[in-house]
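Colleague: just need the structure, nothing else, for what follows:
(2 chains)
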There are 2 protein chains.
Amino acid sequence: MAVYTDVSDEDIARFVAEYDIGKVVSFKGIAEGVENTNFLLHTDQAPFILTLYEKRVDPDDLPFFLGLMDHLSSKGLNCPTPIHGTDGVALRRLCGRPAAITSFLQGMSPRRVLPHHCAGLGNALAKLHIAGQDFDYYRPNALSVKAWRPLFDSCGNDGANDVMPGLGDMIRGELDFLEANWPAKLPAGVIHADLFTDNVFFFPGQDDVSGLIDFYFACNDVLAYDVAICLNAWCFEPDNSFNITKAQNLLANYNRARPLSADEIAALPILARGSALRFLLTRLYDWINTPQGALVTPKNPREYINKLRFHQKVRSAGDYGFGDR
Amino acid sequence: MAVYTDVSDEDIARFVAEYDIGKVVSFKGIAEGVENTNFLLHTDQAPFILTLYEKRVDPDDLPFFLGLMDHLSSKGLNCPTPIHGTDGVALRRLCGRPAAITSFLQGMSPRRVLPHHCAGLGNALAKLHIAGQDFDYYRPNALSVKAWRPLFDSCGNDGANDVMPGLGDMIRGELDFLEANWPAKLPAGVIHADLFTDNVFFFPGQDDVSGLIDFYFACNDVLAYDVAICLNAWCFEPDNSFNITKAQNLLANYNRARPLSADEIAALPILARGSALRFLLTRLYDWINTPQGALVTPKNPREYINKLRFHQKVRSAGDYGFGDR
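Modeller: Sure thing, here's the model as predicted:
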């Protein structure tokens, strides 16, 4: 959470005047989004989110992200809808940065994940994958299997071993395995690729997801890889134990809305290993490269070492509770 | 700006159920308020601000602060209005901390202060002082002249000299002067005591203040001391030069709504010196005592060394442009 760029009251008034959304009456930096600066903007018509895209987002990718949100919204998916200026343009510039206003999405991310959240998540993820099928743009996954070895090399063996003795060897062994066995031909399409709890909204006490946010890692890749990311992000307890009830709920509800093929089911364990390694590596990179006193505290990579170890012992999707009912 | 305490979606839903303000549909940590944690809370009825009081606020002072906001609101002043629970109680507890919900105030603090802002500020400050006259509670100013020497002693001479060689002697000399000459009998009442630009809202392009926030330093003290705080906080340019047009606007508009007495006018230079020293000392204290990597970066005390030097050369309120028109 951070506000990297401050926007003056004059700048925001001028910027909002380029839209047909009323006059700005309030805007406040919010503690949401790690990569970008987000403001909650109230006009005399409605609340909106204003995002300034900071340096970790490639400006060339923004038309894909905003176009995807436009597409998904038009399909009835609850996600931020880019607001277009009076000239029709959604992606603009503010304070020297690419910037966009999107609709304000009601709901709250669950601070403590309960099994019913995973049921709603499974359903919403499947609907996202279905809605994305006829999106015309293409963005390869810059953080998929091919990217992992260079990412590890940039961390260095010593950097890994500083976090945990032997981690370098563990990662190298895992890379060898994943590169040799990564599934080739699974159903693919647009994936969210970062569907952590922060990015999924619910109304208190309700099962259904009220909305999905933060599509700034979205890309084209194997759909079941998104499921594997959610297994890692949603189905482990804070003590790193695996909660099979949550996984059952996630997989059963995903499968009900978008039935998984036999190949996808068989690939789940290796996709989960890959997903665990991907977040282990990016966290390791940030852990090593974040200067002291930075606005954002890097996440500890250790959590994903434990998750990777868990998946290394999994033999089939049945170990995740798939098909139990 | 910081979110010190995270509140779960379940906790917030339970908490909001103790009020008659509808159901929570969104809440987001906001980058507003240095001392406390603030959330922008949307219910299906309206937006509100939820504040969790962190350790720098004395819980025993909270009835004063909330009572003051209630009082000022009832007098028609635009400030956050404490929302009372269905049991009539405004000050409650959440996540182990004192907590309160207040109304959401429209408007924005000016990032770049223009002369017209200072005109609106002078008027709003005078109205605040008038509205506070019949507030029944009393809270002494814990950061007034008597508190400054102990505060300096806790920083230590070396701590001061680390910031600027000779600063220790400068502060000691100033303390001697202020303690000997501090005005004794000036009109007193409730002052805001922290009316920096962050705490004053305007609508873009409008002169009038749309609201005042953050009453968590409010106390009983000399009213003109609040004017002196604003001279320091609003009338210097980023390069530390004094903008006499801003000061003229501030003083003339204050004086129009609440005429300053001859004693108050004569005391303005020493009150401005005192106010500059007060912020110099608290910033010095924070500068020395904030651990590396803290959520909030301490403000540099140097800005207030320069302001203090300026006021030391001022001979009368005329040097601030008072009475120029």
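Colleague: secondary structure class for residue A:305?
Modeller: Recorded secondary structure, residue A:305: helix (DSSP: H, G, I helix; E, B strand; the rest coil).
Colleague: isn't it up against residue A:170?
Modeller: Yes: applying Cβ atoms under 8 Å as the test, residue A:305 and residue A:170 come out as touching, 7.4 Å apart. Quick note: C-beta positions are derived from backbone N, CA and C, even for glycine.
Colleague: neighbour count winner among these two?
Modeller: Each of residue A:305 and residue A:170 has its neighbours counted (other Cβ atoms under 10 Å in any protein chain shown); residue A:305 has more, 22 against 18.
Colleague: report the contact partners of that one.
Modeller: By Cβ atoms under 8 Å, 6 or more residues apart in numbering or on different chains, the residues touching residue A:305 are A:163-164, A:167, A:170, A:280.
Colleague: got it, and residue A:75?
Modeller: Residue A:75 is in contact with residue A:131, counting by Cβ under 8 Å, 6+ apart.
Colleague: I'd say residue A:252 and residue A:118 touch.
Modeller: No: counting by Cβ under 8 Å, residue A:252 stays clear of residue A:118, with 9.5 Å between them.
Colleague: so which of the two has more stuff around it?
Modeller: Taking neighbours as other Cβ under 10 Å, residue A:252 and residue A:118 compare with residue A:118 leading, 27 against 18.
Colleague: that one and residue B:274, how far apart?
Modeller: Here the criterion is Cβ to Cβ, to the nearest Å. By it, residue A:118 lies 59 Å from residue B:274.
Colleague: go on, residue A:89?
Modeller: Look at residue A:89 and residue B:274: by Cβ to Cβ, they are 53 Å apart.
Colleague: could you do residue A:49 as well?
Modeller: 43 Å.
Colleague: for the longest helix anywhere in chain A, buried residues please.
Modeller: Longest helix of chain A, by residue count under DSSP state H: helix A:262-289. Within helix A:262-289, the residues scored as buried using 16 or more other Cβ atoms under 10 Å in any protein chain shown are A:264-265, A:267-288.
Colleague: then stretch A:78-98?
Modeller: When burial is assessed from 16+ other Cβ under 10 Å, stretch A:78-98 yields the following buried residues: A:78-85, A:90-92, A:94, A:97-98.
Colleague: which of those sits closest to residue B:258?
Modeller: Among these, residue A:94 lies closest to residue B:258 (Cβ to Cβ), at 39.7 Å.
Colleague: related to what we said a few turns ago, now the buried residues of stretch A:78-98 in a markdown table, with pLDDT?
Modeller: Listed next are the buried residues of stretch A:78-98 as a markdown table, based on pLDDT from 0 to 100:
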| residue | pLDDT |
| --- | --- |
| A:78 | 96 |
| A:79 | 97 |
| A:80 | 96 |
| A:81 | 97 |
| A:82 | 97 |
| A:83 | 98 |
| A:84 | 97 |
| A:85 | 97 |
| A:90 | 95 |
| A:91 | 95 |
| A:92 | 96 |
| A:94 | 95 |
| A:97 | 93 |
| A:98 | 95 |
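Colleague: a markdown table please, covering those residues and showing secondary structure and distance to chain B.
Modeller: Listed next are the buried residues of stretch A:78-98 as a markdown table, based on DSSP: H, G, I helix; E, B strand; the rest coil; distance: Cβ to the nearest Cβ, whole Å:
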| residue | secondary structure | distance to chain B |
| --- | --- | --- |
| A:78 | coil | 13 |
| A:79 | coil | 15 |
| A:80 | coil | 13 |
| A:81 | coil | 16 |
| A:82 | strand | 19 |
| A:83 | coil | 18 |
| A:84 | coil | 22 |
| A:85 | coil | 18 |
| A:90 | coil | 22 |
| A:91 | coil | 23 |
| A:92 | strand | 18 |
| A:94 | strand | 13 |
| A:97 | strand | 16 |
| A:98 | strand | 20 |
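Colleague: so which of the residues you listed comes closest to residue B:234?
Modeller: residue A:94 (25.9 Å).
Colleague: any idea what sits nearest that closest one, other than its immediate chain neighbours?
Modeller: Sequence neighbours aside, residue A:15 is the residue nearest to residue A:94 in space, at 5.1 Å (criterion: Cβ to Cβ, 6 or more residues apart in numbering or on different chains).
Colleague: residues near residue A:52, how many?
Modeller: By other Cβ under 10 Å, 23 other residues sit near residue A:52.
Colleague: list the contacts for it?
Modeller: Contacts of residue A:52 (Cβ under 8 Å, 6+ apart): A:4-5, A:7, A:36-39, A:94-95, A:97-99.
Colleague: all strands of chain A, in order?
Modeller: Along chain A, the stretches classed as strands by DSSP state E are A:24-29, A:37-43, A:47-52, A:92-94, A:97-103, A:188-191, A:200-202, A:209-212, A:219-222.
Colleague: what pairs with the fourth one, parallel or antiparallel?
Modeller: Spelled out, it's strand A:92-94. Partners of strand A:92-94 in the sheet, by DSSP bridges, are strand A:97-103 (antiparallel).
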